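Engineer: just coords:
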């Protein structure tokens, strides 16, 4: 169950946060000045061998698909982190790599959106419902916003500017602050509802 909770906490679409907006640790000294530090929050690691039971329950089935995609999202997040540490990339005018990354993120986040939205409808009247609402909003407003900015960027500098401006929004800052606790709550709920092994 502990392993599942760690992985499941990363289901907020890979949970991509900007350190400057979310209160995450300061960027490492190697990060070029003025570049947002893209990190995963809540932190998650891949945990092979976990099985989500009760697949006849639509929420459990959606959780399995979303968890599988979350592990893939971790890899794409690391790719973006590496790009933002590379001065040659940041000073280039070629957005192709960034655009491809954004398109991939948009596609993979669809399962997270479907899962959290289903969770909202499936848990009406339960305490965990508010946590599903929080995570649904997080993915739609924050993670998808980041992916869209990458997909539509005309250059790396354009991406950094759009991200910095968009995620200075107080509403987005508030939802990123709530996301880690909400993810932990949802992980516990799914663990109990779906029968987690591994």
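Structural biologist: It's in. Every value quoted in this text rests on a predicted model; they were computed, and no experiment measured them. Residues are numbered from 1 along each chain as shown.
Engineer: what about the strands in this structure?
Structural biologist: All strands of the chain, identified by DSSP state E, fall at 16-18, 38-40, 51-52, 196-197.
Engineer: Would you mind listing where the protein has pLDDT under the threshold?
Structural biologist: Low-confidence segments of the chain (pLDDT under 70): 1-55, 196-198.
Engineer: for the longest helix seen in the chain, packing partners?
Structural biologist: Counting residues, the longest helix in the chain under DSSP state H turns out to be helix 58-84. Contact partners of helix 58-84 among helices and strands, from 3 or more Cβ pairs under 8 Å, 6 or more residues apart in numbering; DSSP states H and E: helix 2-8, strand 38-40, strand 51-52, helix 96-108, helix 110-122, helix 170-194. Glycine gets a C-beta too; all of them are placed from N, C-alpha and C.
Engineer: For residue 58, which of the ones you listed is the nearest?
Structural biologist: For residue 58, the closest of the helices and strands packed on helix 58-84 is helix 110-122, at 6.5 Å, according to Cβ to Cβ.
Engineer: Please name every helix or strand in contact with that closest one.
Structural biologist: helix 58-84, helix 129-138.
Engineer: right, and those helices - which one's nearest residue 166?
Structural biologist: Checking the helices and strands packed on helix 110-122 against residue 166 by Cβ to Cβ gives helix 129-138 as the closest, at 14.0 Å.
Engineer: In that closest one, which residues are buried?
Structural biologist: Buried positions in helix 129-138, judged by neighbour count with 16 or more other Cβ atoms under 10 Å: 129, 131, 132, 133, 134, 135, 136, 137, 138.
Engineer: Hmm, residue 185 and the second one touching each other?
Structural biologist: Yes: checked against Cβ atoms under 8 Å, the pair residue 131 and residue 185 is within contact range at 4.3 Å.
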